[in-house]
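Peer 1: Based on what follows, work out the 3D shape:
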Amino acid sequence: MASVCVCSDYFKVNEDGELCLIPGTMGLRLVLHYKDVGTFQFQKAEYPWLARIRVQAQGGGGGSAAADAASSQCIVRPGGAGGGWAQAMVEASALGAVETVIVGAGGAAGTGNGGGANGGSSSFGGFVIAQGGDGSAAAQASGTTADSVQGPAGPLAGSGQYASGGGAGGGGIRLSGTNGLSGAGGESRLGHGGLARAAEGVGTAPRGYGGGAGGALSYGSDVNGAEGGSGIVVVELFG
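Peer 2: I've put the predicted structure just below:
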């Protein structure tokens, strides 16, 4: 009769005589993606085999300002800043029974010649916090003379074993009443900012997660800004 030897580095026999994998030796088993903006609960008891997690959080990007230049004049708007990013590896023993997960919203688009709103922060408990990016200001008045406007600085790094701030919003430049360039949106770790505009139009949307919105440009029309990219929290579960 054949016999089977079992490696004790990876397997054990429990009190019921069942052959079981040893916790911590199974590797990556599940990935959770919190993509919707809002607050959620991670409950450790739902994963009895859990040994550790790797979590990363991406903050929301800033929205861009609206523009409404007078007839035959020009307004350029900067781009919004990209959101910050943070990551940490956490042992299951360090997790609470319930950890709060927050996914930050992208900053709202500016309207009526108003500024863009700031992006929201994303986090997983107190282990990682990624700051949201600032929205762009409606700093430039309508005109025809050469002028430039500065975009918002990127947010500072939040908290985690690895953390980085987001990219600054790009500045805009007006050369005349009919020639200008709006600012590009700031980059993020998990997304890209909206593009800069040379033709009249609304702010431009970012791609991915956490990018800043590109700036609007007006040659006499009322154009809105764009919304920043929303954040995301990704949790990798290891057994």
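
Peer 1: alpha carbons only for contacts and neighbour counts from here, please
Peer 2: Will do.

Peer 1: Model confidence for the most centrally placed residue in the chain, exactly?
Peer 2: Nearest to the geometric centre of the chain sits residue 210, at 2.6 Å (Cα atoms, centre = their mean). As predicted, residue 210 sits at a pLDDT of 98.

Peer 1: and if you look at residue 112?
Peer 2: Note for residue 112: predicted pLDDT of 92.

Peer 1: So it sits against residue 202, correct?
Peer 2: No - between residue 112 and residue 202 there is no contact under Cα atoms under 8 Å: 11.8 Å.

Peer 1: Counting neighbours around each, name which of the two comes out higher.
Peer 2: A direct count of neighbours by other Cα atoms under 10 Å for residue 112 and residue 202 places residue 202 higher, at 24 against 13.

Peer 1: give me every residue that touches that one.
Peer 2: By Cα atoms under 8 Å, 6 or more residues apart in numbering, the contact set of residue 202 is 66, 215, 216, 217, 223, 224, 225, 226.

Peer 1: for residue 172, same thing?
Peer 2: Contacts of residue 172 (Cα under 8 Å, 6+ apart): 76, 77, 78, 148, 149, 150, 151, 180, 181, 182, 183, 215.

Peer 1: just the residues you listed now: which is nearest residue 194?
Peer 2: Residue 194 lies nearest to residue 215 out of the contacts of residue 172, by Cα to Cα, at 7.8 Å.

Peer 1: and the gap between the closest one and residue 236?
Peer 2: To residue 236, residue 215 is 35 Å away according to Cα to Cα, to the nearest Å.

Peer 1: Between these two, tell me which one has more neighbours.
Peer 2: residue 215 (43 against 16).

Peer 1: Hmm, residue 168 is touching residue 83, no?
Peer 2: No - using Cα under 8 Å, residue 168 makes no contact with residue 83, being 9.2 Å away.

Peer 1: Residues in contact with both of those two, list them for me.
Peer 2: Common contacts of residue 168 and residue 83 (Cα under 8 Å, 6+ apart): 154, 155, 187.
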